[in-house]
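Asker: Got a predicted structure here, sequence first:
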Amino acid sequence: MNFAYRPITTVTFPCLPLNPNPKTQIAPKFTHLRSLNKTHIQVKPRLSHQIRASASDSSQTPWWVNVLPSKAFGAEKFLRLISGATASPICQYVSEPSTFLHSVDPRIKLVWLLALVVLPARSHIILRFGLVVYLAVLSIWILPRHTWMDQLGRVSLISGILFITLGLGSDGVPPLVQLRTPPPAMIGLSNLPASLGGYSYLIMKLGPLHFTRKGLSVASTAACLTFTVFQSASLCLTTTTPEELAFALRWFMLPLTRLGVPVAEIILTLMLSLRFINLVFDEVRNVALGIVSRRINWEQLTMMETLDVFFAYFRRIFTNIFSHAEQISQAMIVRGFRGDSNAHKIYLLSDPSIGTSDIVSLLSLVTVIGASVLSDYFLV
Amino acid sequence: MMNPSNLIHPSKPFVSPLYSTPRVRTNFTENIAIEGRNLSFSVGTRQGKTIPILKDCSLHIPSGQFWMLLGPNGCGKSTLLKILAGLLNPTDGTVHVKRPRSFVFQNPDHQVVMPTVEADVAFGLGKFNLTPDVVKCRVSKALDAVSMLNYMQRSVQTLSGGQKQRVAIAGALAEACKVLLLDELTTFLDENDQIGVIRAVRNSVDSSREVTALWVTHRLEELEYADGAVYMEDGRVVMLGNATDIMNFITTRQSAYIKEINY
């Protein structure tokens, strides 16, 4: 026994002082062990508080280890995320401060919305970007600071991603094509001269990717369209009450009653669903909050038990929503609704008088439409 | 269907009903706004059993007064109110309530059906053929009564529970009904709002000889605003009379109960 130990000690100890930097020898082994240990811990969520402590001080763990989803935290995080979500996921009407956009007739706003969907798709690129800038400036001017920062940030992120992906993706990697005819140099002709006006199909070269005229056209159309559609809709929703929008829709749809379209019913359904959407989101949030507040020990649950909790969650949401619907229908009966939406008037209390803001708005709408039509002729 | 043995040998109530009314209907006098005679209501379970919820309830509330309906949890107050509102059909007995009547639910989320405050208050007026000016006037009057006039344009979603409750009450007030049936309105309200709402109802009862209100509650301090009260227990109307009598009755019951558990 004694004899067996001795060679080991004699071998290891002299070895260390000989090496100028002993750590280099030991370190790989340690890191290996440590990283193994860490990945092991990551799988076992019970010790998870150690992961965070070690994540900052070691550079040895690959960064993606911390990104790996662990089941227990996923469930908890998911429900917390839902319960903490904002109450109004869809753009909420902002009544204060009251601006001139609030006073514009909702019918004119609807026409504007339609124009802003059609124009970017059909007009010149300068006008497209002009509309984007116009909408951005209008939002900054009209809305409170935190609202427009939030809205514009999100919309520009989406349209920025669209612009880059489409710009490079649509025509970015030109296929290698072999011409059937021999190149001009071979048959004794000079090369095609470059455009005198400075025209070039290729705008920019980014490594292997080409940014071409076609890419620019596709990307600018898609990005500008996305921007104007989202931003104009949210601008309209934040400055118009649902009732005003319903009033405008009803006004536009009234001629359809002659064709037998149940306009009153459609408008009532629209209003009820506008109220109900919020109730549904409330319900989803409240039930999630209920589960979170039970302090379930997710780490001890098996996969099936976690799934079971989630199924219970969805079932609860649906039963609650259906009971809500039933109660609301009862409330409507109690409040005098007898099932005939033509007989039950819905008062959308907005005055249809035309003010100066309406006239200004209409004039600028005509100007924009005119500019986009003319841009096709004059700007090439 | 009601279990017949229950009618013949009712399980012994705490206190026998003080008022027993004959099954024959007397003349429905003009000054009675709400009248229920021998009302019974039972529900069937999945096992085929019937569970009685209301057992032979009779009450009559004079016109132009503010009455309360009191009782412990689960004694059938809300069921009785729903029968009076016509939302449920009684298994047995007759109901007479003056028209038009309106009912306000306990949970305002069930009552408010439109996305904006103004439109919701105006919703109940849809059955009348009114001009927009009249509607606007009525809506702002009703919202003023519950001190919510500054919230006309607000989205219902952004309101608190108490504010939604007041919008629901304003909806009932705007209809200018002769009978208001109010189901535990003060559940979501803070103390200030509770008094505010109860005063609003009191005012609307006082302002017209015609309006009658029946208010379900289990807060005794609200009794001082009432003209009379009905006390229920275990599906029966135990007592009905003026507010002070009921107050005394309940306080003696309470002290007797406290004595009993301390004994």
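Answerer: Yep, that arrived. Predicted, not measured: the structure shown is a model, and the values here were computed from it.
Asker: Near chain A, which residues of the stretch 101-250 of chain B are found?
Answerer: B:102-103, B:105, B:107, B:109-116, B:118-119, B:122-127, B:129-130, B:132, B:135-136, B:139, B:153-158, B:171, B:175 (C-beta under 8 Å from any C-beta of the partner chain). C-betas here are computed from N, CA, C, even on glycine.
Asker: Give me the subset of those lying in helices.
Answerer: B:109-111, B:118-119, B:122-123, B:132, B:135-136, B:139, B:171 (DSSP state H).
Asker: And the helix or strand harbouring residue B:252, what does it pack against?
Answerer: Using DSSP states H and E, residue B:252 sits in helix B:243-262. On a contact count with 3 or more C-beta pairs under 8 Å, 6 or more residues apart in numbering or on different chains; DSSP states H and E, helix B:243-262 meets strand B:66-70, strand B:228-233, strand B:236-242.
Asker: okay, those strands in CSV with mean neighbour count next?
Answerer: Listed next are those as CSV, based on neighbours: other C-beta atoms under 10 Å in any protein chain shown:
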stretch, mean neighbour count
strand B:66-70, 26
strand B:228-233, 22
strand B:236-242, 20
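Asker: Any chance of a markdown table for those, columns mean pLDDT?
Answerer: Shown next, in a markdown table, are the helices and strands packed on helix B:243-262 (pLDDT from 0 to 100):
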| stretch | mean pLDDT |
| --- | --- |
| strand B:66-70 | 90 |
| strand B:228-233 | 89 |
| strand B:236-242 | 86 |
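Asker: could the ones you listed go into JSON lines alongside distance to residue A:100?
Answerer: JSON lines is the format used below for the helices and strands packed on helix B:243-262 (distance: least, C-beta to C-beta, whole Å):
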{"stretch": "strand B:66-70", "distance to residue A:100": "47"}
{"stretch": "strand B:228-233", "distance to residue A:100": "54"}
{"stretch": "strand B:236-242", "distance to residue A:100": "58"}
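Asker: Would you mind listing what in chain A touches chain B?
Answerer: Chain A comes close to chain B at residues A:87-88, A:92-93, A:95, A:241-243, A:271-272, A:274-275, A:278-279, A:282, A:324, A:327-328, A:330-338, A:343-349, as judged by C-beta under 8 Å from any C-beta.
Asker: List buried residues within these.
Answerer: Neighbour-count burial (16 or more other C-beta atoms under 10 Å in any protein chain shown) applied to the residues of chain A next to chain B gives A:92-93, A:95, A:241-243, A:271-272, A:274-275, A:278-279, A:282, A:324, A:328, A:330-332, A:334-337, A:344-349.
Asker: Count the neighbours of residue 84 for me.
Answerer: Going with chain A. If you count neighbours by other C-beta atoms under 10 Å in any protein chain shown, residue A:84 ends up with 11.
Asker: Chain B was what I was after
Answerer: Residue B:84: 25 neighbours (other C-beta under 10 Å).
Asker: same deal with the one 3 residues further on?
Answerer: In terms of burial, residue B:87 registers 16 neighbours under the definition other C-beta under 10 Å.
Asker: wait, it sits on residue B:103?
Answerer: Yes: counting by C-beta atoms under 8 Å, residue B:87 does reach residue B:103; the two are 7.1 Å apart.
Asker: ranges for the helices of the stretch 51-200 of chain A?
Answerer: A:64-67, A:71-83, A:100-103, A:106-122, A:125-142, A:145-169 (DSSP state H, counting those that start in this stretch).
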